[in-house]
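Asker: Predicted model follows, preceded by the sequence.
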Amino acid sequence: MSDSIRPPPPFHHWLPTADGSFTLFNERFQDPCHSRGGARAETRLHYIAGCRVEQLYGERPLVRVLEVGFGTGIGWEETRRVVPSGKALHYFSLEIDEDLVRWNELKLRRQEHEGLVWYAHDDGPARLCVIIGDARTALPRWSFDAPFDAIYQDAFAPRKNPTLWTTEWFSLLRSLSAHHAVMSTYSSGIAIRKAMHEAGWGIQSGPGFQGKNHSTRAHASGASDAELIANLYRSPILALKDTP
């Protein structure tokens with residue numbers, strides 16, 4: 001998607017952000033797709049740097065990314081920019097709003113099989129697959145040929161979309177991850193970090209963005225920050241779960 005203004009998709013309106021890029025405000029969830037502090041800058045900090053994507057390319061010829069929430073496509077665009085020559089990117093994204101994916105300027109081919117719907121874009125070494133529908137039901141039905149190296153946990157805020165922030169959700173994501181995988185998110189909420197920890201992720205604090213003190217980095221294997229976990233469990237707030 002270019003950062004020029006054009007008519008937004010249904011149930012969205014444009015929001016300018018501080019780095020000169022634009023994001024969309026989703027009227028159904030009442031939440032923007034990115035921080036107003038800078039859509040592209042936030043993506044580079046939380047996801048490209050947060051998941052160590054460039055370092056991963058120093059270790060392997062192919063990096064597999066799962067993005068939770070395709071939105072405007074900025075995550076895909078920014079990730080493609082850091083792929084070194086001669087290396088490959090397989091990028092999967094989850095998106096509930098098919099109208100939003102159709103609206104995107106990318107040349108995506110719609111495909112359907114046994115009730116699963118996805119949009120694909122194949123540009124040689126860079127492959128994109130946007131899986132359509134409720135992520136909690138669509139993702140378990142998908143057959144992936146290898147685990148993920150990086151997960152961009154960029155769902156709408158927990159108070160708006162809690163089902164993508166529970167212990168059960170993070171357990172599913174961990175089951176699809178390589179042992180070296182990193183999951184990164186803008187959220188540093190206690191209930192969210194406890195949910196990740198109880199799902200078996202190693203938790204570390206990451207840098208905040210534009211007024212937020214912290215974000216969260218989670219490792220599929222490896223220890224959590226001991227002081228962070230001790231402080232976390234001093235709180236009476238419970239991990240977010242599918243059922244109380």
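Answerer: Sure, I can see it. Numbering: from 1, shown residues only.
Asker: Let's test this: name the helix or strand in the chain with the lowest mean pLDDT.
Answerer: When each helix and strand of the chain is scored by mean pLDDT, DSSP states H and E, strand 31-32 comes last, with a mean of 84.
Asker: which residue ranges form the helices in this structure?
Answerer: Here the chain has its helices, by DSSP state H, at 39-43, 53-57, 74-81, 98-103, 135-141, 167-175, 190-198, 226-232.
Asker: In its sheet, which strands sit next to the least confident helix or strand of the chain, and in what direction?
Answerer: The strands that strand 31-32 pairs with in its sheet are strand 22-26 (antiparallel) (by DSSP bridges).
Asker: so how far is the partner strand off the chain centroid?
Answerer: Offset of strand 22-26 from its chain centre (CA atoms, centre = their mean, to the nearest Å): 16 Å.
Asker: again with stretch 213-222
Answerer: With CA atoms, centre = their mean, you get 13 Å for stretch 213-222.
Asker: need the contact list for the nearest residue to Ser171 once chain neighbours are set aside.
Answerer: Spatial nearest neighbour of Ser171, excluding adjacent residues (CB to CB, 6 or more residues apart in numbering): Ala199 at 4.2 Å. C-beta here means a position set from N, CA and C on the backbone, and glycine is covered the same way. Residues counted as contacts of Ala199 (CB atoms under 8 Å, 6 or more residues apart in numbering) are 167-171, 173-174.
Asker: and if you look at Arg81?
Answerer: Going by CB under 8 Å, 6+ apart, Arg81 touches no other residue.
Asker: ok, it to Glu54 distance?
Answerer: 10 Å (CB to CB, to the nearest Å).
Asker: Check Tyr152 too.
Answerer: Using CB to CB, we find Tyr152 at a distance of 15 Å from Glu54.
Asker: So Arg193 sits against Leu232, correct?
Answerer: Yes. Contact criterion CB atoms under 8 Å: Arg193 and Leu232 qualify, at 5.7 Å.
Asker: Compare those two and say which one has the larger neighbour count.
Answerer: Set Arg193 next to Leu232 and count neighbours by other CB atoms under 10 Å: Arg193 wins out with 28 against 18.
Asker: what about the residue nearest the centre of the chain, distance to Val68?
Answerer: Compute the mean C-alpha point of the chain, and by CA atoms, centre = their mean the closest residue is Tyr152, 2.7 Å away. Using CB to CB, Tyr152 is found at 6 Å from Val68.
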